[in-house]
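A.B. asks: structure for the following, please:
(chains A and B)
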Amino acid sequence: MAEAMSQNRKIGFSLARHSTGIIASVLFLAPIVWTVLSTFKPAQEARQPPLPPWPTTGFSIENYQTLNSFGDGLWVSAQNSIYVSVMTVLLSVLVSVLAGYGFSRFRFPFRDFFFVLILSTIMIPFQSILTPIFLVLTKLGLHNTLTGLVCVYVTLQLPFSIFMMRNAFDAVPREIEEAARMDGANNVTMLVKVMLPLVWPGVVTIALFAFLGAWNEFLAALVLMTDQSKFTLPVMMTALQSGRFGAIDWGAVQAGVTVMMVPCLILFLALQRFYIRGLMAGAVK
Amino acid sequence: MTAIAVTSAPARSRTSRRQWVGLLYVLPAVALVTVFFVIPLGMTAWMSLNNWPLMGEHSFVGLDNYFAILRDTRFWNALKFTFYYTVIVTIAIFAVAFPLAIFIEKPRPLTNLYRTAFFMPAVVGFASASLLWSWLLNVDSGLFSPAAYELGLIGKKINLLATFQPAFWSIIAMVVWKVAGFTMIILMTGLQSIPQDLQEAAVIDGAGPFARFRAITLPLMRRTLALALILSVAGSILAFDQFYIILRGGPRNQTLTAVYWIFNQSFVSFKLGYGAALSMVLLAILVALSLIQLWLLRKPEGLD
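C.D. replies: Predicted coordinates:
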């Protein structure tokens, strides 16, 4: 009797838990799913409220095709976004791996000063130094160039990624290096052949954060990229949504948002482990 | 010990030269931070003391820009609105994220799936999320107003973005949707770090769930709570994307945030010196916050 009751309670608890989980999941996923489904409506239908979200008058990719007809076209902005994000990933990984290795394994003058200097930039909001960044880029001849934007994005990533990489290198036992040094490895071969495979998870984590950061950044791109041919996706789509190219085509907005969201979602689902790891490292330390 | 003592002088100088190589490794990072952070930071301070138009010569004006700020009621209104938004959105995020963190804390069937679902909006950028919601909130082509109309909840379609209250709460809903999963993960790490036997001992002592939450969970989560709180507060004070993209600062400029106002002064009106002075004020607020954060995150006494 008592056993049956506790069994019932268990089932009841499990039922309550899963219905809560499912309802909450639907609430969080609905806006994303709603948008993605709506993009496949013909343009005419996409102008109507999305009830239901899926296409009712036939499947179409018209909304994606029209994206290219605004200004310089969405494809140009997508290329800009891809270029900026990939370059930010490559450069920030390169710079942070070198710096993380240097801070972890060498004792040189001003080491602690430089480390604190880099980490403390996280306290300063970059929003407050955008104007001078604009002027510095102009001085360097990088005004209104994607390269300039990459430099800014890499710098913004450095406190987090150098902190991550230094910890990753710190966790590698020194004996491994000493053994390799006995075998005659110099600093560079040591870093590339011996150390890099050991800190690989950290590299994936900082690469993921660098990509998401660069791909999604809006304010700096809005301020620093003045020429439409240099717009990244968020800036281009905001121009489109503001009606800069005539009446707002909501079907095109949905399609553009989907193009912006999908890479982030795929990367996160594929590399979730590394993402959570990065968050934990930031949260625990 | 003896090994160090017998190291010969040339060997030691070779070691110290090898240590110097470290400087080369960190040089690119230091150069980037200097050029794109330290120098701009110094320039902000200097520019704030100048009248600095986009074109033409700038001139030193001392503290005039700061005196102008004191009279700039629209900036103070923006700051007031920013703080109001920060308080409300932080409470809303925690009200959603804390129950979710407790929900996903223990490994049970499907927990990972739920966790991933709750977290998905967090990896979408603020700009994408804002564009998405600007569509959902649109009166003619969107979802909320037409759906409520179709369901017969409202007599005629309401433009949610036309007046302050519905517009403001729409933004709150969007930000909670986007950020709650992120805060949830941080709170979850705090929950998971609480030793299980502590909770069990309290159960044996007859403590109810509420008492346990107050006496064990909250105190032991102090550092995690402080971190989540500061991240939320700092992020909200710097809010820009959602107010620019969804509301353009409207209706009637009531949702201009501090960063939005600086953006307008610097890059719409091109008063770069004045914008720099405003930036210095924002910067002081954020640095003060960081100092509070360091104090809150200090290691608890007696523990390390």
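A.B. asks: which positions in the stretch 151-300 of chain B make contact with chain A?
C.D. replies: Counting by C-beta under 8 Å from any C-beta of the partner chain, the residues of the stretch 151-300 of chain B lying close to chain A are B:177, B:180-182, B:185-186, B:189-190, B:193, B:224, B:227, B:234, B:238, B:240-241, B:244-245, B:248, B:259, B:262-263, B:266-267, B:272, B:275-276, B:279-280, B:282-283, B:286-287, B:290. To be clear about C-beta, it is placed using only N, CA and C from the backbone, and glycine gets the same treatment.
A.B. asks: which of these count as buried?
C.D. replies: Using 16 or more other C-beta atoms under 10 Å in any protein chain shown as the burial test, these include B:177, B:180-182, B:185-186, B:189-190, B:224, B:227, B:234, B:238, B:240-241, B:244-245, B:259, B:262-263, B:266-267, B:272, B:275-276, B:279-280, B:282-283, B:286 as buried.
A.B. asks: out of the residues you listed, which sit inside helices?
C.D. replies: Assignment to helices by DSSP state H places the following of these there: B:177, B:180-182, B:185-186, B:189-190, B:224, B:227, B:234, B:241, B:259, B:262-263, B:272, B:275-276, B:279-280, B:282-283, B:286.
A.B. asks: OK, contacts around the residue nearest to the spatial centre of chain B?
C.D. replies: The central residue of chain B, meaning the one whose C-alpha is nearest the mean C-alpha position (C-alpha atoms, centre = their mean), is residue B:235 at 1.6 Å. Contacts for residue B:235 (C-beta atoms under 8 Å, 6 or more residues apart in numbering or on different chains) come out as residue B:179.
A.B. asks: make it 10 Å
C.D. replies: By C-beta atoms under 10 Å, 6 or more residues apart in numbering or on different chains, the contact set of residue B:235 is A:125, B:86, B:89-90, B:93, B:126, B:175, B:179, B:182.
A.B. asks: ditto for residue A:168
C.D. replies: Under the criterion of C-beta under 10 Å, 6+ apart, the neighbours of residue A:168 are A:96-97, A:100-101, A:104, A:195, A:198-203, A:205-206, A:281.
A.B. asks: low-confidence ranges, the stretch 1-150 of chain A, go.
C.D. replies: By pLDDT under 70, the low-scoring segments of the stretch 1-150 of chain A are A:1-3.
A.B. asks: let me see the domain layout of chain A.
C.D. replies: Domain ranges of chain A: A:2-64, A:75-248, per automatic domain parsing.
A.B. asks: among those domains, which is the most enclosed?
C.D. replies: Counting by mean count of other C-beta atoms under 10 Å in any protein chain shown, domain A:75-248 has the highest mean neighbour count of these, with a mean of 19.
A.B. asks: end-to-end on that domain?
C.D. replies: By C-alpha to C-alpha, to the nearest Å, the extent of domain A:75-248 from end to end equals 19 Å.
A.B. asks: residue A:156 reaches residue A:219, doesn't it?
C.D. replies: No. Between residue A:156 and residue A:219 no contact is recorded; they are 11.2 Å apart, counting by C-beta atoms under 10 Å.
A.B. asks: anything in contact with each of the two?
C.D. replies: What both residue A:156 and residue A:219 touch, as defined by C-beta under 10 Å, 6+ apart, is the set residue A:126.
A.B. asks: follow-up on the earlier one: and the contacts of residue A:168, which two are the farthest apart?
C.D. replies: The two members of those with the most space between them (C-beta to C-beta) are A:195 and A:281, at 18.3 Å.
A.B. asks: ok, the residue of the stretch 51-200 of chain A found nearest chain B - contacts?
C.D. replies: Scanning the stretch 51-200 of chain A for the residue nearest chain B gives residue A:106, at 2.4 Å (criterion: C-beta to the nearest C-beta). Residues near residue A:106 by C-beta under 10 Å, 6+ apart: A:187, B:18-26.
A.B. asks: top of these by number of neighbours, please.
C.D. replies: Going through the contacts of residue A:106 with other C-beta atoms under 10 Å in any protein chain shown as the criterion, the one with the most neighbours is residue B:26, at 25 neighbours.
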